[in-house]
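Q: Sequence and predicted structure, then a few things I'm wondering about:
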Amino acid sequence: MRTVLCFGDSNTWGYIPGSDGRRFPREARWPAQLQHSLGAEWEVIAEGLSGRTAAMDSPVSEGRNGLPYLVPCLHSHAPIDLLIIFLGTNDAGDRYALPERDVAGSVGRLVKVARSAEAGPEGTAPAILVVCPPPFDGHRLGPHFAEMCAELGCDLLDLDGVASYVEIGDDVEHLDEAAHADVAAAVDARIRRMFA
């Protein structure tokens, strides 16, 4: 059996757009749909946390910085065959407003840390798939994520044209149920290519 760890924010956690923190049922979230499509040969672990950033401390909530949590998370679930990093939305959003290139660089730091963590099979590095958030609220992270992934030699799945965030009032950065299904399908297809 192979293990995939889905390391993300509220869009991996399953936040319902426009809600006050309510969560989609487990079977509607993209990691659970991915588990269903990959089948019994894979264990899919969902590590989503609302408000998680790639490398920024929150001024209002503890534990939202993904960087110090990544290594213990990897080791608690090791060995990890594939790490999926789906972060950057919060880093680019209103609270932190990092430049798009810096958002990509922060995700790149996670890639480097994961590769040196020795949490893959027999102490190797896990394979890594970076999932780039779709365009939202004027942000287009794709070109910067592509440049970062090319430099680091890791796989990229850009959600631009694959899935979209919905806009409900002030909420412009969450997946609806249909988009969760789209993300799961796209990730499934990429995993099958990576591990063919």
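A: In hand now; what should we look at?

Q: all contacts plus neighbour counts: C-alpha atoms, from now on.
A: Noted.

Q: Checking the nearest residue to D182 once chain neighbours are set aside next. Helix, strand or coil?
A: Take D182 and drop its neighbours on the chain: the residue closest to it by Cα to Cα, 6 or more residues apart in numbering is A163, 5.9 Å away. Assigned with DSSP: H, G, I helix; E, B strand; the rest coil, A163 falls in the coil class.

Q: need the longest helix for the chain.
A: For the chain, the helix that runs over the most residues, judged by DSSP state H, is helix 177-194.

Q: Now do that one, average pLDDT.
A: Averaging pLDDT along helix 177-194 gives 98.

Q: from the chain's centre, how far out does it sit?
A: Centroid displacement of helix 177-194 relative to its chain, using Cα atoms, centre = their mean, to the nearest Å, is 12 Å.

Q: got the contact list for it?
A: The contact list for helix 177-194, computed with Cα atoms under 8 Å, 6 or more residues apart in numbering, reads 24, 28-31, 33-34, 37-38, 157, 159, 162-165.

Q: Just those: which are in helices?
A: Within those, residues falling in helices by DSSP H are W30, P31, Q33, L34, S37, L38.

Q: Give me the buried subset of the residues you listed.
A: With neighbours counted using 16 or more other Cα atoms under 10 Å, these contain these buried positions: W30, P31, Q33, L34, L38.

Q: P133: which of these is nearest?
A: The closest of these to P133 turns out to be W30 (Cα to Cα; 13.8 Å).

Q: doesn't H139 make contact with V172?
A: No - using Cα atoms under 8 Å, V172 is not in contact with H139, being 11.0 Å away.

Q: returning to what we had before: now tabulate the ones in helices among the contacts of helix 177-194 in JSON lines and tack on distance to P59.
A: Formatted as JSON lines, those follow (distance: Cα to Cα, whole Å):
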{"residue": "W30", "distance to P59": "29"}
{"residue": "P31", "distance to P59": "29"}
{"residue": "Q33", "distance to P59": "33"}
{"residue": "L34", "distance to P59": "33"}
{"residue": "S37", "distance to P59": "38"}
{"residue": "L38", "distance to P59": "38"}
